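Novice: Quick one, what's the 3D model for this:
(3 chains)
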Amino acid sequence: MDLQAQVRQAARKLLDDKQVDVVIGYEAADEPLRTTPCFIRDSQEVDRLVWNPFCEHNLAGYLQGRQDKAAVVAKGCDSRAIVVLINESQVQRDNITVIGVPCGGIVERKKIYRHLQGADIREAVLEGDVITVKGPGFSAELKVEDFLAECCKFCSHRNPVLFDIKIGEDVPEVDSKEQYHEVARLEGSSSEERWEFFKKELSKCVRCYACREACPLCYCKQCFTDQSLPAWVGKTDDISDTMAFHIMRAYHTTGRCVDCGNCERACPNDVQIRLLTKKIEKDVKELFGSEAGLEIGEKTSMMVYKENDPQDFIK
Amino acid sequence: MAPRIGVYVCHCGGNISEVVDVKKVTESLGGQGDVVLIKDHEHVCSEVGQKLILNDIKENRLDRVVISACSPQFQGGTFMKTMEQAGLSPYVMEMANIREQCSWAHHGQTEQATSKAVDLTKMAIAKARLDEPLEKKVLPLGKRVLIIGGGIAGIQASLDLGDAGFEVYLVEKEPTIGGKMAQLSKTFPTEDCAACILSPKMADVPNNPNVRLMTSTEVKDISGYIGNYEVTVTRKPTYVDPDKCTCCDKCAEVCPVTVPNEYDEGLTTRKAIYLPSPIAVPNSYVLDDKSCLGLFPLACSKCKEVCEVDAINYDVYPREEKFTVDTIIVATGFDIFDAREKAVFGWGKYENVYNALEMERLLAHSGEGKPLKDLGNKVAFIQCVGSRDEQVGCEYCSRVCCMYATKLACLFNREHPGKEIYIFYTDLRAYGKGFEEYYKRAQSEGIKFIRGRVAEVVEDSETKKLMLRAEDTLTRKIIESEFDSVILSVGLRPNAGTQKIASMLGLSRSQDGFLKEAHLKFRPVDTLIEGVFLAGTVQGPKDIPDTVAQASAASSRAIRLMNKGEFEAEPIIAEVSKEMCVGCGVCAEVCAYGAIEMVSSADNEGVRTAVVNEFLCKGCGNCAAACRSGAVDVNGMSDHQISKMIEVM
Amino acid sequence: MQEQPENWEPRIIAFLCSWCSYAGADLAGVSRCQYPPNIRVIKLPCSGRANPFYIIKSLQQGCDGVLISGCHPGECHYSSGNYYARRRFAIMKRLLEYIGVEEGRVHFSWVSASEGEKFAKVVSEVTEAVRKLGPARRLVKNEFESGATI
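Specialist: Reported below is the predicted structural model:
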């Protein structure tokens, strides 16, 4: 039975046995190359559920603050986000059933569009690891592995770290040594070059906050940007405010971000905000030796300290 | 209603005005509607200056005061009193430091120093504008103390506090007080008989009218805070009424169950009904229900049948008792290192290898003319077993082993002159009063001290003698020698029960695992939890004189606190906005004082909110900096205030 | 070196913890240790009170430099505040420099209550480092240049 069928079977059983009130998963979307999150409450509808390399969303965000019993389809990164949410008491472990799926990586739609120079894709059919896209006057065969999202190419945890039901067998983990290559490239350039790069990149931001809304770990009742006493950062389109917002939001993910890529995917203007969160993730690993979302009960790196933490930067 | 701010810029008799152009400062502050008064003065802190402020406050209805003068660490207290005299909260006064951190450090740079003084004053005004008239919180304090642990530390503290008129609850989990000291034979360096000097102190405890002694009692839960610690203890049944028991021993004679005797470290046996130690206080037999043949249902009742004073009653059950105290002293003591972790020495395997506590008991028995074992003619002590040893996770020095080994060697030597006694040591630490002299005496009495670590002990399976391999680092020779007995000088470890108490009270541990004092030098018996003190080996390895000193110190610290009759808490403390809090728990985790509790909502168990205990909070604001959601802030030092101060730049 | 306007003096904001660094600064004054008058001090109870966002706010306001100073690790009056602060600062400093804020604008130090001379030395070093970089231009909010400002 292929993975998709196994997901459906698991969901059917959970709903039939009344173990959960809802199964949160992915279903086919109206547009090609996409899926959309779905909430299945009736076991008769489980065939809506799909599992394929277009299942990009981190569904963990839908667990936060729920009162009912929910099952959720979770990839590796999603499961780590769930661990963080449990550790931050936003999700009760007993109220959720994690359907863990091994993930070979998610296709980044934007890459395909860039490759086909913005062609009008009307149809996309996935067979094995090949996607056949069709549109008015063209057809192309694309290999999934050529269009993986950046966060998936060097993913450190392809297999779920937390699950109640495991779908399929583990996929081999990739060598994630290169996962910080984009950050490293920037670190290697001069301060001036970095400033110019980030100024240009972040000036694309229009403060729509889609990144914040998409992030499963952004759940504050009132975001710091919306606070006025004090007003931490202005809401103007002054590049200083925009950059300040992104620095501050990235800082709040310290020790928590699992690099699911939801934020960058949600951005309508293709701002490469992962370059900030990935830098912090690299620093947390180097400075404190920790990674987010691996163990229930683990305290994140900003909640603990070691007496010999690095301090060569302090006079 | 807008605040009415009064600003005073001090000349400080030239100390400020020689560098800072004070008049210019006052002129540069105008233009803010709520600053209704700006004055300069030669000596604001003088009586004249203070009278001026008092008068101005009355006449101009000032409700915020900014004083640009010396450091708040210097005259801050003075001006806070001035505020109180004026009927204002002392927390609506702000100071700008234009002396220590301006005029005195920028001599000859008038223009820049003046500009700095203007900025600093503006920042103080920005903060004062947002100050709230906070008031100190007062908590009544009674005279009730809980002492956890009835070893020598707990005993000393209870007597000090009882004699001082305080109400003491002394809780001890064993059936008798006395702790480890009661198991020692003689004590160094004086060779006093431990039981002899301890007994009278132990007897004083139940006789002290202010001390309520609860043995066979364990602390089940402690909640609350200073002045209001709610303690729940479990009183375990001993099945023997201590008021009736005459210690006639008839019950033990007929008891069919024999088990190892803990008091003698298993070297002798006892019955299921037994006297915990020859100097037990309460002086009564107790029935150990774990080794007894059975009470529910009743399997045997021989002890009860022979008891002539009807002291035995099987119909008792563990029961809980609750009481409230104002302060707590933790004196739960230590455990010795389990020498099985150093398997190379063979303790627990080889019959002639003993640990120091077993040796104490052997000497206690032989000292009374009733030897339990023949230790032979050649005896070795191995030092630093479980101390100064990274391999077993114990880097620290246990402090007492050098001296106790010397003592054990001397006592053995005195009983059995002419035997060969070796002590294999790493360093010989004889640092205390009389220690060096005792060590010299031991050497002159023929005890051989060899500087070198022992690699291993191997038993000859037939003779049961022990082959010891060690390096003599002073002669640089390897020693391989056969001994009749080997005694391991085991180190001191934090004891198992301590962790439970520590979690209950929110106490942290030092890197060595013992409980952490508030400040190693200046507050060695305080903890960071207000009202909780430490005494004895729970804080770290130490000998009896140091333990007694700490116990008295802890008592004095507790008395100092409770004598005031009330506890004043500073109002500059953290506060959590329920509306903003998402219950993530970061604040509670980083609080050094355990002042933040995550409280579950009544109707929805999954939802938590952080709640600050205003009496435990010290206002450091670490929680506020850690909070991502903007839910935690500090009254009197809020993010908004700091933000406004930054904006002055 | 950046082009510097005439008579420009670095404006540096300093967050000092009350028990150690602020007291150390007082001692510097009492001992008449002289140091550049460019810093403006905000007294915090503990370096652990310093939210790293204060640094960003200061830079946005146009501060040329930021200094945060606390007790030496192991000596925090509030036991562990500076340990947490150390981690926060490490992350924020790296992030700010990564995004292009010049190295030398944001500084951290441990100064104890008895280190008056050290305080003066730290302030001198920081002032010089900032002076070399010139007035802060990156991350400064220009309220008069941007579009809608409501």
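Novice: In terms of secondary structure, what does the helix or strand of chain C with the lowest mean pLDDT contact?
Specialist: Across the helices and strands of chain C, the lowest-confidence element by mean pLDDT, DSSP states H and E is helix C:23-30, at a mean of 94. With contacts taken as 3 or more CB pairs under 8 Å, 6 or more residues apart in numbering or on different chains; DSSP states H and E, helix C:23-30 sits against helix B:72-85, helix C:116-133. In short, each C-beta sits where N, CA and C put it, glycine included.
Novice: Can you mark which positions in that helix are buried?
Specialist: When neighbours are counted by 16 or more other CB atoms under 10 Å in any protein chain shown, the buried residues of helix C:23-30 are found to be C:Ala23, C:Gly24, C:Ala25, C:Asp26, C:Leu27, C:Ala28, C:Gly29.
Novice: helix or strand right after that helix?
Specialist: Tracing the chain C-terminally past helix C:23-30 and defining elements by DSSP states H and E, one meets strand C:39-44 next.
Novice: Determine whether any part of that next one lies close to chain B.
Specialist: Yes: shown here: strand C:39-44 in contact with chain B (CB under 8 Å from any CB of the partner chain) through C:Ile39, C:Arg40, C:Val41, C:Ile42, C:Lys43, C:Leu44.
Novice: rewinding a little: what's the most buried one of the helices and strands packed on helix C:23-30?
Specialist: helix C:116-133 (a mean of 21; mean count of other CB atoms under 10 Å in any protein chain shown).
Novice: Which strands or helices does that helix pack on?
Specialist: Contact analysis of helix C:116-133 by 3+ CB pairs under 8 Å, 6+ apart lists strand C:12-17, helix C:23-30, strand C:39-44, strand C:65-70, strand C:106-110 as its packing neighbours.
Novice: Touching the second one from outside, list them.
Specialist: Put plainly, it is helix C:23-30. B:71, B:73-74, B:97, B:99-102, B:104-105, C:16, C:35, C:41, C:69, C:111-120 (CB atoms under 8 Å, 6 or more residues apart in numbering or on different chains).
Novice: what sits against the nearest residue to B:Asp192 once chain neighbours are set aside?
Specialist: Taking CB to CB, 6 or more residues apart in numbering or on different chains as the measure, B:Asp192 lies nearest to B:Lys186, with 6.3 Å between them; neighbours along the chain are not counted. By CB under 8 Å, 6+ apart, the contact set of B:Lys186 is B:Asp192, B:Cys193, B:Ala194, B:Leu363, B:Gly367, B:Lys407, B:Leu411.
Novice: Residue of chain C closest to chain A, please.
Specialist: Closest approach of chain C to chain A (CB to the nearest CB) occurs at C:Gly100, with a separation of 2.7 Å.
Novice: Give me the pLDDT value at that residue.
Specialist: Residue-level confidence at C:Gly100 comes out at 96, pLDDT.
Novice: Apart from its chain neighbours, what residue comes closest to it?
Specialist: Using CB to CB, 6+ apart and skipping the chain neighbours, the partner closest in space to C:Gly100 is A:Trp195 (2.7 Å).
Novice: what's the answer for B:Gly540, then?
Specialist: By the measure of CB to CB, 6+ apart, the closest residue to B:Gly540 outside its immediate chain neighbours is B:Phe514, 4.6 Å from it.
Novice: Tell me how far that neighbour lies from chain C.
Specialist: Counting by CB to the nearest CB, to the nearest Å, the separation of B:Phe514 from chain C is 16 Å.
Novice: circling back: can you tell me which two in the contacts of B:Lys186 are farthest apart?
Specialist: Put simply, by CB to CB the two of these set farthest apart are B:Asp192 and B:Leu363, 13.8 Å from each other.
Novice: Once you drop chain neighbours, what's closest to A:Asp16?
Specialist: The shortest distance from A:Asp16 to any residue that is not its chain neighbour, by CB to CB, 6+ apart, is 4.9 Å, and that residue is A:Ser43.
Novice: Pull the contacting residues for that neighbour.
Specialist: Residues in contact with A:Ser43, defined by CB under 8 Å, 6+ apart, are A:Ala11, A:Arg12, A:Leu15, A:Asp16.
Novice: one step back: out of the contacts of B:Lys186, which sit inside helices?
Specialist: B:Ala194, B:Leu363, B:Gly367, B:Lys407, B:Leu411 (DSSP state H).
Novice: what are the ranges of the helices in the stretch 101-250 of chain A?
Specialist: A:109-115, A:150-153, A:181-187, A:191-202, A:210-214, A:239-252 (DSSP state H, counting those that start in this stretch).
Novice: what about the third one, average pLDDT?
Specialist: Per-residue pLDDT values over helix A:181-187 give a mean of 94.
Novice: cool, and the shortest one?
Specialist: For helix A:150-153, mean pLDDT rounds to 92.
Novice: Show me the contact partners of it.
Specialist: For helix A:150-153, the surrounding residues in contact (CB under 8 Å, 6+ apart) are A:Cys77, A:Cys103, A:Gly105, A:Ile106, A:Glu108, A:Val174, A:Glu182, A:Asp259, A:Cys260, A:Gly261, A:Glu264, A:Arg274.
Novice: pLDDT-wise, what's the bottom of those?
Specialist: Going through those one by one, the lowest pLDDT turns up at A:Val174, 86.
Novice: any chance of the residues of strand C:39-44 next to chain B in a markdown table, plus distance to chain A, pLDDT and neighbour count?
Specialist: Putting these into a markdown table (distance: CB to the nearest CB, whole Å; pLDDT from 0 to 100; neighbours: other CB atoms under 10 Å in any protein chain shown) gives the following:
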| residue | distance to chain A | pLDDT | neighbour count |
| --- | --- | --- | --- |
| C:Ile39 | 14 | 97 | 26 |
| C:Arg40 | 18 | 97 | 22 |
| C:Val41 | 16 | 97 | 25 |
| C:Ile42 | 13 | 97 | 24 |
| C:Lys43 | 18 | 97 | 25 |
| C:Leu44 | 15 | 97 | 28 |
